[in-house]
Each structure stands twice: as structure tokens, then as C-alpha cells.
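[1] build me a model from this:
(4 chains)
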There are 2 protein chains.
Amino acid sequence: MQNIVALRTSDSADTPKATYQSQMRILIADDHDLVRDTIAMFLEAEGMAEVVTVEDLDAAVKSADETGSFDLVLLDFNMPGMDGLQGLERMKAANGNQPVAILSGTASPQIAKDAIAAGASGFVPKTLGAKSMVSAIRFMAAGETFVPYAFMQQADAKTVANLTMRETEVLRGLCEGKSNKEIARDLDLQEVTIKLHVKTLCRKLNAKNRTQAAMIARDRKLV
Amino acid sequence: MQNIVALRTSDSADTPKATYQSQMRILIADDHDLVRDTIAMFLEAEGMAEVVTVEDLDAAVKSADETGSFDLVLLDFNMPGMDGLQGLERMKAANGNQPVAILSGTASPQIAKDAIAAGASGFVPKTLGAKSMVSAIRFMAAGETFVPYAFMQQADAKTVANLTMRETEVLRGLCEGKSNKEIARDLDLQEVTIKLHVKTLCRKLNAKNRTQAAMIARDRKLV
DNA sequence: AATCTTTATATCCTAAAGTATAGTCATCCT
DNA sequence: AGGATGACTATACTTTAGGATATAAAGATT
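    Here you go, the predicted model:
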């Protein structure tokens, strides 16, 4: 992952011309001064946005009420007044249903999904590189939905249980619906040995039988 | 879904200014004249790209070899010479590892995933609206990965098998790792009846036992 | 009215899964 | 060197799963 500090000021093959979304009004709401100011600085350095920054949800809502809708609002997920995704709804209403995105350093892919389902225009992890963040912001301001592909895929990370090699091999067999006999043949072991592994692996996974073990393995992307 | 024909020529609050990626060289390879020309037209109407169009992979590779790397190449997935995702590799090599994306009207979310895993910079369904497509192209040319969120989520659609209500209820029990006896108790039926349902449902799902039936159900999001 | 499907029950039997206990052998640890 | 741990085998036994077959009532279809 890139770091927010890595700023790329100019692009190699750029011939600046007119495009269709340049000067935008963006609101950044985050209780960390550093994050707020860094993002604001990048956007303004790109000359592509007028950035307003506030440090909690109330101030964000107030700002939109007083100065009109922003082209894009970035809300920190862990921020005073947010209260999970409820703050998102408040902000969307206050911003005249213009795009509102969630910004977070810690949230899980599941929360990102929930945010999109709740009407967010995107989800921006704070681990995103500066250049990518600028692209994402322009993208969302254009009405698109942005969720970093790599971030969503990390949901598929293996949640390792303390299974031995053998147990993992046997579990793989279970997931394919094989019988103990078949697994034994495949691994060149005795059927009784497979039974043993099935039992211990079920205990470790807190499953009461092979079928449940297979389902748990599938759920937790173990095999 | 929007249609490709819906073009938005100007934005409401636009004050054209300098941004950092305007005149780009883009190569579109698609064997359908209409698709090729429509996308090219949109991009050029936006004044943001010099577009080259070809109608098969060989011509695309040749074009990149002769005139140098493009900022972005769009390859139709079902096109002469593509051969699945092998064409992607060829094109990436020919384009000096500059972004290459896949364009398709029919491909599944799984293929989109595979394409990204194989190094594609993005996946653009032909059902994408014109404005979104332009945003996506700019986004990918900037080095980001684009996969439409809604498209990936549609993987979660239920693939219904011809199971009766009872069989579905029993299958649900299987997925929870319950024994026939437990399922019988839950549904207020005899154990033998459950056995019958398990057998017929396994036949319908082409599963050889309850564990495999449960896994198939989970895979196809049946239960 | 005849037929098909779904649901339900019943027996009988075999195969597979799961439990318990015990022992061998190798490896890793400190 | 001693001791824990993991992988493997073995015997014996119980429970569960699964297959074959037969019966039958309710509901939909034709």
C-alpha cells in the first residue's frame, strides 16, 4: 500500500486541456488535524478543488446548510457525531443528496459494503496513496461509486485456525464432499487416520460433524 | 443500468481549469463496429483523448508495437485472438505494461476477478453508462483499478434449482450441519422422511452426499 | 377421471461416520 | 536426555447416513 505522504506533483505526458470537472467544492470532515490538512493540501495543490475542512459531523452538516451543497463530502467513519452509518444519512440529507463518501483507517470490507448499501458514494481507506485518493475523489465527484478493489478482496484473507498440514489436507477433502475412504486413498493413508483427523479438526473448528466443518471452512475461506 | 447512448455533454457547475490528465492516447479493440465507434466518439467529444480503434487482437498488438504504448488499451473479451485472458498478457507486453482493461457485454463477475488477477487495470461492462465509462477510462489511465461495484455484487444472485419447499428447508438444515434427526425435530417430521428429502435433493443438485450438497448450496447461494 | 408431484411414512439393509482407547515413531524444544 | 507434540496405525463399538422399495394421501394438471 502507498502512503498518504507520497505526493506526485506532475504527470509525465500531461498536456493540460479543458476537461469536464475541474473546480469542485469538497468538504472533508475528520477529527485528526493531520489527515484533514494533508488531503486538503493535496487537492488544492492539484488546483482541482476548493476544500473546506471541519472536525466533526455537526460542523459538517452546519457547513453544508450554510454554504450550500458540496460536490463531494468525505466523512471520517470514527468521528464525533457519526454514530456508525447514521451520520451518513444526516450528511446526505444536509448535502442535498450530492455524493457523500466514507473515509476510514480501520473499517472492514463489511463496513465498506454497508456504507455503500446505505447510500455512500464510496469508501476511501486512509491507506490509499495520495495520487489514488485524488483520482478517487474526482471519480466520486463525477457521480461514480468508488471502492478500492484490493480493499474489498482482502475480505478473502485466510482466517487461519491452528490446523496442522494434515488436518488442512483432510479438510480440503471434506469441502469436496469426499468420504473418509476417498480422502485416505488420495493422501495415501488409512481410513482410520482420516477419521482421527476429522475428529480433531472438528474440535478445533468447533464443528459437530464433517458437514459443519466444511461449511465453516468455506465461510472462513480456510481451505 | 444506463445505456451507452445517453451522453451528457456539459456539466452544471463546471469551470474548466487545468487538471492533470487530459490528452491521452487510447486504443479500443472490439470486433463490433458500433461499440468501437460509439466509445471513440464519446471520448473525442469530451476532448480528452486521441482514440485509435482496431477490430481484433493482432491489430491491437501491431498498433502498439508500431506507434508506441497507449495510456490505456480497452480489449473486448469476446474478440478474435483473445483466447480467454491470454490475449490480455500479449497486449500488456505489447503496451509496455501500461494499463490494459477488459471490455465485455457478457462476462461474469468471476471472469472480471480473473482478469484483474491476471493484471488487467479494470473491467468495463458494456452496460455501463457513457458518462461512467468516460470516468472509468480516465480513472484507469491514471493508473487506478476500475471494477464497477454493482457489477461485482451481482455475483450474489441466487441460482435457483428446482427444489421443493421441503427440500429447501432440509437443505437449510444440512447447511447448518444438522443431523437428520435434528432436522426432523425442527420440521416436525419423521427422520426417514428427512432421509428421503436428502436423497432426492442430492440427486437434484448432483451431489453425492449431504456435505457436498451443503457446499453446492453455499456456492450457488441457494439457501 | 386419470395422472403427476409433493409430502409423508414404513422396513430392511449396508456403508459410512464418529467415539474411545492405546500404542509406535519421529521431530522439535529447552 | 527428557518431554511434549504431531502424524500415523490399530481394535472395537455405536450412531448416523444413505439406498432400495413399497404405500398412501392431498393437490395440481391435463
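[2] can you give me the distance of the residue nearest the centre of chain A to residue B:52?
    Residue closest to the mean C-alpha point of chain A, counted by Cα atoms, centre = their mean, is residue A:109 at 4.0 Å. Residue A:109 sits 38 Å away from residue B:52, going by Cβ to Cβ, to the nearest Å. (Each C-beta comes from the backbone N, C-alpha and C, glycine too.)
[3] so the residue nearest to the centre of chain A makes contact with residue A:149?
    No. The criterion here is Cβ atoms under 8 Å, and residue A:109 misses it with residue A:149 at 11.0 Å.
[4] and for residue A:23, the neighbour number?
    Neighbour count of residue A:23, defined by other Cβ atoms under 10 Å in any protein chain shown: 15.
[5] and the pLDDT at it?
    With respect to pLDDT, residue A:23 scores 72.
[6] looks like it contacts residue A:48 (just checking).
    Yes. Using Cβ under 8 Å, residue A:23 is in contact with residue A:48, at 6.9 Å.
[7] residue in chain A with the shortest distance to DNA strand D?
    For chain A and DNA strand D, the shortest gap (Cβ to the nearest atom of the strand) falls at residue A:164, measuring 2.7 Å.
[8] nearest residue to residue A:101 other than its sequence neighbours?
    Of all residues not flanking residue A:101 in the chain, residue A:122 sits nearest, at 4.1 Å (Cβ to Cβ, 6 or more residues apart in numbering or on different chains).
[9] what helix or strand does the closest residue to residue A:190 other than its chain neighbours sit in?
    Nearest residue to residue A:190 in three dimensions, chain neighbours excluded: residue A:184, at 6.0 Å (Cβ to Cβ, 6+ apart). According to DSSP states H and E, residue A:184 maps onto helix A:180-187.
[10] check residue A:174 too.
    Residue A:174 belongs to helix A:165-175, assigned by DSSP H and E.
[11] so that helix versus helix A:180-187, what angle?
    Angle, helix A:165-175 to helix A:180-187, by axes from the mean of the first three to the mean of the last three Cα atoms, to 10 degrees: 130 degrees.
[12] now the element after the helix ranked longest in chain A, going C-ward?
    With secondary structure taken from DSSP state H, chain A has its longest helix at helix A:191-205. Next helix or strand after helix A:191-205 toward the C-terminus (DSSP H and E): helix A:210-219.
[13] where does pLDDT dip in chain A?
    Of all residues in chain A, those with pLDDT under 70 make up the ranges A:1-22, A:154-161, A:222-223.
[14] how about a cut-off of 80?
    Applying pLDDT under 80 to chain A flags residues A:1-23, A:48, A:152-163, A:221-223.
[15] the helices in it, which residues?
    With helices called from DSSP H, chain A shows them at A:33-45, A:57-67, A:86-94, A:109-117, A:130-141, A:149-153, A:165-175, A:180-187, A:191-205, A:210-219.
[16] mind putting these into a markdown table with distance to residue B:212?
    Shown next, in a markdown table, are these (distance: least, Cβ to Cβ, whole Å):
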| stretch | distance to residue B:212 |
| --- | --- |
| helix A:33-45 | 49 |
| helix A:57-67 | 50 |
| helix A:86-94 | 42 |
| helix A:109-117 | 28 |
| helix A:130-141 | 42 |
| helix A:149-153 | 27 |
| helix A:165-175 | 9 |
| helix A:180-187 | 11 |
| helix A:191-205 | 15 |
| helix A:210-219 | 9 |
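[17] re the thing from before, does DNA strand C sit close to the helix holding residue A:174?
    No. Against DNA strand C, helix A:165-175 shows no contacts by Cβ under 7 Å from any atom of the strand, the least distance being 7.9 Å.
[18] quick one: that helix near chain B?
    Yes. Contact of helix A:165-175 with chain B (Cβ under 8 Å from any Cβ of the partner chain) involves A:174-175.
[19] list the buried residues in that helix.
    By neighbour count on 16 or more other Cβ atoms under 10 Å in any protein chain shown, the buried set for helix A:165-175 is A:166-175.
[20] what's the residue of chain A positioned farthest from its centre sitting at in phi/psi?
    Largest separation from the mean C-alpha position in chain A: residue A:190, at 44.9 Å (Cα atoms, centre = their mean). Backbone geometry at residue A:190, expressed as degrees, to the nearest 10, gives phi -80, psi 150.
[21] please report how far it lies from residue A:180.
    Going from residue A:190 to residue A:180 by Cβ to Cβ gives 10 Å.
[22] quick one: name the residues of chain A near DNA strand C.
    So chain A meets DNA strand C at A:179-181, A:192, A:195-196, A:198-199, A:202, A:208-211 (Cβ under 7 Å from any atom of the strand).
[23] filter those to the buried ones?
    Buried by 16+ other Cβ under 10 Å: A:179-180, A:196, A:198, A:202, A:209-211, out of those.
[24] state the pair within those residues that is farthest apart.
    Using Cβ to Cβ, those span at most 18.1 Å, a distance reached by A:196 and A:211.
[25] just the helices of chain A: most buried one?
    Counting by mean count of other Cβ atoms under 10 Å in any protein chain shown, helix A:130-141 has the highest mean neighbour count of these, with a mean of 24.
[26] relative to helix B:130-141, how tilted is that helix?
    For helix A:130-141 against helix B:130-141, the angle by the same axes, to 10 degrees is 180 degrees.
[27] which elements pack onto helix A:130-141?
    For helix A:130-141, the packing partners by 3 or more Cβ pairs under 8 Å, 6 or more residues apart in numbering or on different chains; DSSP states H and E come out as strand A:24-29, helix A:33-45, strand A:72-76, strand A:122-125, helix B:130-141.
[28] quick one: list the elements packing against the second one.
    Where contact means 3+ Cβ pairs under 8 Å, 6+ apart, helix A:33-45 is packed against strand A:24-29, strand A:49-54, helix A:130-141.
[29] again, but for the third one
    In this structure, strand A:72-76 packs against strand A:24-29, helix A:57-67, helix A:86-94, strand A:100-104, helix A:130-141, with contacts taken as 3+ Cβ pairs under 8 Å, 6+ apart.
[30] run the chain-centre distance for it.
    How far strand A:72-76 lies from its chain's middle: 15 Å, per Cα atoms, centre = their mean, to the nearest Å.
[31] just the angle for that strand relative to strand A:100-104, thanks.
    Angle, strand A:72-76 to strand A:100-104, by the same axes, to 10 degrees: 30 degrees.
[32] before we move on, what about the second one?
    Interaxial angle, helix A:33-45 versus strand A:100-104 (the same axes, to 10 degrees): 130 degrees.
[33] which residues does helix A:33-45 contact?
    With contact meaning Cβ atoms under 8 Å, 6 or more residues apart in numbering or on different chains, helix A:33-45 is reached by A:4-5, A:7, A:9, A:26, A:28-30, A:49-51, A:53, A:55, A:74, A:76, A:103, A:126, A:130, A:133-134, A:137.
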